[in-house]
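> Fold the following.
(2 chains)
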Amino acid sequence: MDIVVDMFNAVIDGGISFWILLVGGVFIGLLVGVLPGLTFVMGVLLILPFTYSMGAGQALVMMIAVYVAGTYGGALTAILLNIPGEPNDVPLTRDGHTMARRGRAAEALGWAALAALFGGIAGWLLLVFFSQPFASVALSFGSAEYFAIVLLGLTSVLALSGSSTMKALISLFAGMLLATVGLDDIYGAVRYDFGTTILRDGINYLAILVGVYALTEALTRFAERFAGKAPQQPAEIKTTIPGLSAIRSRLGSLTRGMATGVFVSAGPGAGSTVGSFVAYGVEKQFGKHKDELGKGSPSGIIAPQSASTASVSGALIHLLVLGIPGSGASAVLLGVFQLNNINPGPLIFEQQEELIATIFAGLIISIFVMFIMGILAAKPMIRMLNVPEVYVAAFVVLFAYVGAFALRQSISDVWIMTAFGVLGFFMLRGGYPLAPLVLGAILGPLAERYFTTTMIRNANDWTVFFTRPLSAVLLTITVAVFALLAYRAIRDSRRARAVTDSQIAGSRT
Amino acid sequence: MTVAVGLFVATAFGAAACGDTGGESTGGGGGDGKFNRPITLVVPFTPGSGSDQAARLVSPVLEKGLGVQFPVINVPGATGNTGMTKLLQSRPSETIASVPADTFATVTAGTSTFKLEDIKPICRISLAPSFIWINTKGKYKSWDDLSQAAKAKPDTVTVATVGQGGIDDIMLGALAQKGFKFRTVPFAENSERKGALLSNDVDALYEQSGDVKENIDGGQFIPVLMFGSEKQKGLKGDYTLSSDVGVTEVIDQYRGLYANAKMPDNEVDAVAEACAAVEDDPKYTEFQERTLEQEGGFMPRSEFEAYVEESLGKMEKLGKQYGVYE
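Below is the predicted model:
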């Protein structure tokens, strides 16, 4: 229990500045999370120059606050506007936005906040009490296991498929194909650039994300003349926090989400996005409310959100115990350590006890402050639904362009984002779901990279995926999940078609 | 459909409004070697990377010397080529880039988006020799162990590298010619390379000491071979020099500042002059000591231009000699 006492001391020693930096960090994290295109990695980076004059503890508290709040902020726009602020928020749009459109925005936001709180706490407990054993488990993962995890994430396409499995798969493969454009990281080969610089630099998946969600949503609503949605009246909102009995009924989703987030984050670089997609797929497969998923179920928010926030601690364990930045944001944190002459690694827990206590205290308080600010922000955010959509759409388009340009300060990304905004518009009209396209663009390159590395490492012996025990288990789960999800998806689409046919037949008689 | 077409036109105008500041205007430079607008310092790698950290320390030094801001932006992708595109598409007098030698390996490999004549070297800001590292809890305990295994069973002992066709591949090709044939396993991210050695997914790692400082201090990694002929100051350990196994011609990792070739010479000179102050900047020198970079890493423009050409020539020659490039 020494660590708990040390954390109290760290907070007291930190004084008022500790709280100012922490609350400011959470606010910035929520803000960058909300804005499409501005990622929490950018948020952490933006405040980096301001931390040069601070001590390591103060700087890390503020940056961790940005990081943890950033994994949640995007849920607000994903639910309210169908625009994920971050890649990890994509699965939330499906059920979250459906709930919002049915007048249950407050409830959806409450679940997102609660899931972020629980996911954050679970990850924090792991970090504080089990980081060494977790790091040992993480070390048993090689590129074969990472490939198996990413493949599991790709199977979630079937959970995100909507009415047509075939169209979802086409969308997924299109995303995977588009992500191969540009200079390949492993062989240095140039692919599908057609001699143009804009394509040789590659297609950034964030440009696709911002295009097909933010711009497509604005275009679609504009084409519909902003008609057909029933905004929720703020006066109707009583509470945004789910009650105890509601929590009890969704405990399974919460537990699975947290466990998935923690497990997936054992791989460096896997991060919150993979965790979020895998958690949604797992929920669709094993959840008590699996049949509700995709139709406005709180479980479709709880599982991916709790996984996203829980994964923050996994990345921090990689950084603190192994000296490996497990995500983009933790790479910036590593820079802060190094600028302060501190080397993360196995000895940091003995050599920097005070700093570790400050980080632990900063993380858990950030999680609670994030929850409180998220709940407080919910009501004013819901008021956005009462603003005429045409004004909201104008801001969305503006931020989409700013966000796309901010990705790499490149006009190429702006054009790519615009192209995908238009493509998304026509895809929706053709009944092709957008989430699989983004999923393919994010996970496709990771799958390719881990597959290629494993094959090179093992002299092109593909059996290694089955001879390594952990990889074999993960692949077996992947195949089982894929088979069951495929069966259900085909069954559901047949049922839907049968219902439509009988309705047509009924209308003729 | 009319609405969709209308929207497409509107969004295209929106994109145009976001347009880059490309063109040949001198912009920030007054033409007399003095600047009156901020100069963007492009880092073609991710936040937190070695290039990023170095650039963020060089930036205030340049600001002090030239009296204008040097905001750092990260433009990662395609082994640094996306950042180079950014440099070449921006106003020549308002952008420079901090680039490692790895990016230049794509020029010799023929996969780069830029040519050497598109840029002007400003100054070299760091120099670091490369090493082969092993995990202290791994199968091999020394260079003798590792090299004997590579000799006995060629192409079975694995070494994590940055990507095929890079400097790592060339130097490991040199070892192969001496009878030590390793299997190179490319990992795009530094964290993945380090993780692969930590988890013993590979037998060894090709890396500079600054990138594994945490692991050296934590007793996880030890060096077994250094590419060079003189041991590195500040790095403890019983490691072999590549010159002792017959590899005398090596390619060191270096990081330099570069401008668009269209930046007027007097402006490049002004930045180069300001860059000289990094040599004495306490924060930067502390960073270099901490990351175990080689002493004398700074090189003025007058020498750096020839150095870059020579280095690229060497990459090309050795790459062909060792079968890395066709």
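> Which residue, other than its chain neighbours, is closest to residue A:253?
Using C-beta to C-beta, 6 or more residues apart in numbering or on different chains and skipping the chain neighbours, the partner closest in space to residue A:253 is residue A:299 (4.0 Å). (Each C-beta comes from the backbone N, C-alpha and C, glycine too.)
> Tell me how far that neighbour lies from residue A:95.
7 Å (C-beta to C-beta, to the nearest Å).
> shared neighbours, the two?
Counting by C-beta atoms under 8 Å, 6 or more residues apart in numbering or on different chains, the residues touching both residue A:299 and residue A:95 are residue A:293.
> count of neighbours near residue 308?
Using chain A here. 38 (other C-beta atoms under 10 Å in any protein chain shown).
> Actually, chain B is the one I wanted.
Neighbour tally, residue B:308, other C-beta under 10 Å: 22.
> before we move on, what about residue A:205?
23.
> cool, residue A:65 as well?
Neighbours of residue A:65 (other C-beta under 10 Å): 30.
> again, but for the one 4 residues further on
Look at residue A:69: counted by other C-beta under 10 Å, it has 32 neighbours.
> I'd like to know how far the residue lying closest to it once chain neighbours are set aside sits from residue A:85.
In this structure, residue A:69 finds its nearest non-sequential neighbour in residue A:29, 2.8 Å apart by C-beta to C-beta, 6+ apart. Distance of residue A:29 to residue A:85, given as C-beta to C-beta: 11 Å.
> Neighbour count for those two, which is higher?
Ranked by neighbour count (other C-beta under 10 Å), residue A:29 and residue A:85 place residue A:85 first, with 34 against 31.
> dump the residue contacts of the residue nearest to residue A:253.
So residue A:299 contacts A:95, A:250, A:253, A:283, A:287-290, A:292-293 (C-beta under 8 Å, 6+ apart).
> farthest-separated two in the residues you listed?
A:95 and A:288 (14.7 Å; C-beta to C-beta).
> who's more crowded, those two?
A side-by-side neighbour count of residue A:95 and residue A:288, using other C-beta under 10 Å, places residue A:95 first with 29 against 14.
> check whether stretch B:286-306 contacts chain A.
Yes. On the criterion C-beta under 8 Å from any C-beta of the partner chain, stretch B:286-306 is in touch with chain A at B:286-287, B:290-291.
> Please tell me which one of the residues you listed counts the most neighbours.
Counting by other C-beta under 10 Å, top hit in the residues of stretch B:286-306 next to chain A: residue B:287 with 23 neighbours.
> Just the element for it, please.
helix B:282-290 (DSSP states H and E).
> Extract the CA atoms of stretch A:348-362 and return them as PDB.
C-alpha atoms of stretch A:348-362 as PDB (Å, rounded to 0.1, in the frame of the first residue of the first chain):
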ATOM      1  CA  ILE A 348      12.300   3.300 -13.300                       C
ATOM      2  CA  PHE A 349      10.100   2.000 -10.500                       C
ATOM      3  CA  GLU A 350      13.100   1.900  -8.100                       C
ATOM      4  CA  GLN A 351      14.900   5.000  -9.300                       C
ATOM      5  CA  GLN A 352      12.000   7.300  -9.800                       C
ATOM      6  CA  GLU A 353       9.500   6.400  -7.100                       C
ATOM      7  CA  GLU A 354       8.200   9.900  -6.700                       C
ATOM      8  CA  LEU A 355       7.700  10.400 -10.400                       C
ATOM      9  CA  ILE A 356       5.900   7.100 -10.800                       C
ATOM     10  CA  ALA A 357       3.600   7.900  -7.900                       C
ATOM     11  CA  THR A 358       2.800  11.300  -9.600                       C
ATOM     12  CA  ILE A 359       2.100   9.500 -12.900                       C
ATOM     13  CA  PHE A 360      -0.200   7.000 -11.200                       C
ATOM     14  CA  ALA A 361      -2.000   9.700  -9.300                       C
ATOM     15  CA  GLY A 362      -2.300  11.900 -12.300                       C
END
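> what pLDDT, on average, does that stretch get?
For stretch A:348-362, the mean per-residue pLDDT is 87.
> same thing with stretch B:182-199?
Mean predicted lDDT for stretch B:182-199 stands at 86.
> again, but for stretch B:114-123
93.
> Is any residue of it near chain A?
No. On the criterion C-beta under 8 Å from any C-beta, stretch B:114-123 is out of touch with chain A, staying 9.3 Å away.
> returning to that earlier point: any idea how far chain B is from the residue nearest to residue A:253?
33 Å (C-beta to the nearest C-beta, to the nearest Å).
> Also residue A:251?
In terms of C-beta to the nearest C-beta, residue A:251 sits 34 Å off from chain B.
> burial count for that residue?
For residue A:251, using other C-beta under 10 Å, the count is 12.
> So what does it have for phi and psi?
phi -60, psi -40 (degrees, to the nearest 10).
> Downstream of the helix or strand where residue A:222 lies, the next helix or strand is which one?
Element membership of residue A:222, judged by DSSP H and E, is helix A:216-223. Downstream of helix A:216-223, the first helix or strand assigned by DSSP H and E is helix A:244-249.
> Other residues contacting that following helix?
A:114, A:254, A:298.
> can we see that at 6 Å?
The contact list for helix A:244-249 (C-beta atoms under 6 Å, 6 or more residues apart in numbering or on different chains) is empty.
> in the helix or strand following it, what counts as buried?
For helix A:244-249, the following helix or strand on the C-terminal side (DSSP H and E) is helix A:251-264. For helix A:251-264, the neighbour count (16 or more other C-beta atoms under 10 Å in any protein chain shown) marks A:252-254, A:256-264 as buried.
> and of the residues you listed, the nearest to chain B?
Nearest to chain B out of the buried residues of helix A:251-264 is residue A:264 (C-beta to the nearest C-beta; 14.8 Å).
> if I read this right, that closest one contacts residue A:276, doesn't it?
No. Counting by C-beta atoms under 6 Å, residue A:264 does not reach residue A:276; the two are 8.9 Å apart.
> and the residue lying closest to residue A:290 once chain neighbours are set aside, what does it touch?
Of all residues not flanking residue A:290 in the chain, residue A:284 sits nearest, at 5.5 Å (C-beta to C-beta, 6+ apart). Taking C-beta under 6 Å, 6+ apart, we find residue A:284 in contact with A:159, A:290, A:293.
> Just give me the closest of the residues you listed to chain B.
Nearest member of the contacts of residue A:284 to chain B, counting by C-beta to the nearest C-beta, is residue A:159, at 27.8 Å.
> what sits against that closest one?
A:280-281, A:284 are the contacts of residue A:159 under C-beta under 6 Å, 6+ apart.
> Show me the residue at the heart of the chain, geometrically.
With no chain named, the answer covers chain A. When C-alpha atoms, centre = their mean is applied to chain A, the residue found nearest the centroid is residue A:88 (1.3 Å).
> Let me rephrase: I mean chain B.
Note: chain B centre (C-alpha atoms, centre = their mean) maps to residue B:100, 2.0 Å.
> Roughly how far does that one sit from chain A?
Counting by C-beta to the nearest C-beta, the gap from residue B:100 to chain A is 15 Å.
> what is the nearest residue to that residue once chain neighbours are set aside paired to in the beta sheet?
Spatial nearest neighbour of residue B:100, excluding adjacent residues (C-beta to C-beta, 6+ apart): residue B:255 at 4.9 Å. Residue B:255 forms beta bridges with residue B:100, residue B:126, as assigned by DSSP bridges.
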